[in-house]
Each structure stands twice: as structure tokens, then as C-alpha cells.
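> my questions concern the predicted model and sequence given below.
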Amino acid sequence: MQLNRRLLIIGAFALVTGLAGCASGGGGEGGPRRDPNRITSEELAEYTTLTAVDVVRRLRPRWLQGRGAGTSGQNTPVLILDGARMGDAQSALRSISVSDIQEMEYMNASDATMRFGTNFTGGAIIVRSRSR
């Protein structure tokens with residue numbers, strides 16, 4: 001009798017947690033979850049009249065925030081445009097039209113340093129432009 005009761009309780013718990021998982025398994029708005037480190041061409045298609053910095057501010061504002069102690073500007077991300085270092089991301093993104101961008105990606109400081117070398121204390125925003 002005691003074993004049947006335990007199995008019943010375990011089965012009920014599994015059923016309840018399984019249903020709760022199904023109910024909350026969506027992406028919030030019914031669509032797929034967006035990668036916090038990537039802005040795809042599908043997302044960019046909605047903002048073709050804006051500059052790249054405006055899109056980043058709307059979709060991934062944390063990319064532009066300084067990192068670490070004393071974030072007075074020295075720990076802001078660097079922009080990499082088609083493999084070329086362009087300098088401070090926020091300034092450089094102002095001159096890029098969204099219609100020229102295929103994809104954007106944020107890379108944290110350690111990953112950017114491993115890939116591109118030193119002086120990426122705020123990470124990097126990598127922009128891949130559309131082929132023309």
C-alpha cells in the first residue's frame with residue numbers, strides 16, 4: 001500500500017511539472033527565442049530606415065554598455081566591420097545604414113581577445129555587410 005502511494009505521488013508530480021514545462025516553453029511572444037549575441041537579417045528587415053546604432057539600442061542595448069570597473073568609456077565595445085577594426089562601436093555604428101548589414105554579432109571581451117588580439121576590454125560588435 002505504501003509503495004503504491006509513493007508511485008502515485010511521484011506520477012502526479014511528474015504530470016504537473018511536465019504540464020508546467022509545456023505551458024511555459026514558448027518564446028514569450030509565440031516566436032522563436034532570439035540569440036542575445038546575434039541580430040539576424042530577419043530582425044534587421046524591420047528597421048531598414050534606421051542607423052545601426054539605433055537598431056542595437058532598440059534590440060540589444062546591453063551590447064553598448066561599458067564593462068568592468070570604471071566604465072568611463074575605455075571598456076566599451078570595438079566595432080569590427082567585415083574583418084576590419086573600425087574603433088569605438090557606438091561612434092562607428094552611427095555611419096552604417098541597416099540596409100547595408102547582413103548580420104551583427106556581439107562577442108565578449110575574452111572571446112574577442114582570443115580571436116582578434118588585445119585591447120577588446122569591452123568586447124566587440126562584429127558587423128557583416130551585405131554582398132553587392
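Yep, it's here. Keep in mind the model is a prediction, meaning the values are calculated, not measured.
> and the contacts of stretch 86-104?
38-41, 44, 47-53, 55-56, 63-64, 76-81, 122, 124-131 (C-beta atoms under 8 Å, 6 or more residues apart in numbering). For the C-beta atoms, the positions are set from N, CA and C on the backbone; glycine is no exception.
> all helices of the protein, in order?
2-23, 41-44, 52-59, 89-93, 109-116 (DSSP state H).
> pLDDT below threshold where in this protein?
1-32, 68-74, 132 (pLDDT under 70).
> do that again at 80, thanks
Along the chain, segments meeting pLDDT under 80 span 1-33, 66-74, 131-132.
> mark which of the contacts of stretch 86-104 are part of strands, please.
38-39, 78-81, 124-129 (DSSP state E).
> filter those residues down to the buried ones.
39, 78-81, 124-127 (16 or more other C-beta atoms under 10 Å).
> and the residues you listed, which two are furthest apart?
39 and 78 (16.9 Å; C-beta to C-beta).
> residues in contact with the spatially closest residue to residue 108 that is not a sequence neighbour?
Closest residue in space to residue 108, ignoring its immediate chain neighbours: residue 123 at 4.8 Å, by C-beta to C-beta, 6 or more residues apart in numbering. By C-beta under 8 Å, 6+ apart, residue 123 lies in contact with 63, 67, 77-78, 106-109, 111-112.
> how about 10 Å then?
With contact taken as C-beta atoms under 10 Å, 6 or more residues apart in numbering, residue 123 is in contact with 37, 63, 65, 67, 75-78, 89, 106-113.
> buried ones among these?
The buried subset of these (16+ other C-beta under 10 Å) comprises 37, 63, 75-78, 89, 106-107, 109, 112-113.
> what's the closest of the ones in strands among the contacts of stretch 86-104 to residue 118?
For the ones in strands among the contacts of stretch 86-104, the nearest to residue 118 is residue 78 (10.9 Å; C-beta to C-beta).
> for the closest one, list each beta-bridge partner.
With DSSP bridges as the criterion, residue 78 is bridged to residue 88, residue 124.
> look up how far residue 110 lies from it.
14 Å (C-beta to C-beta, to the nearest Å).
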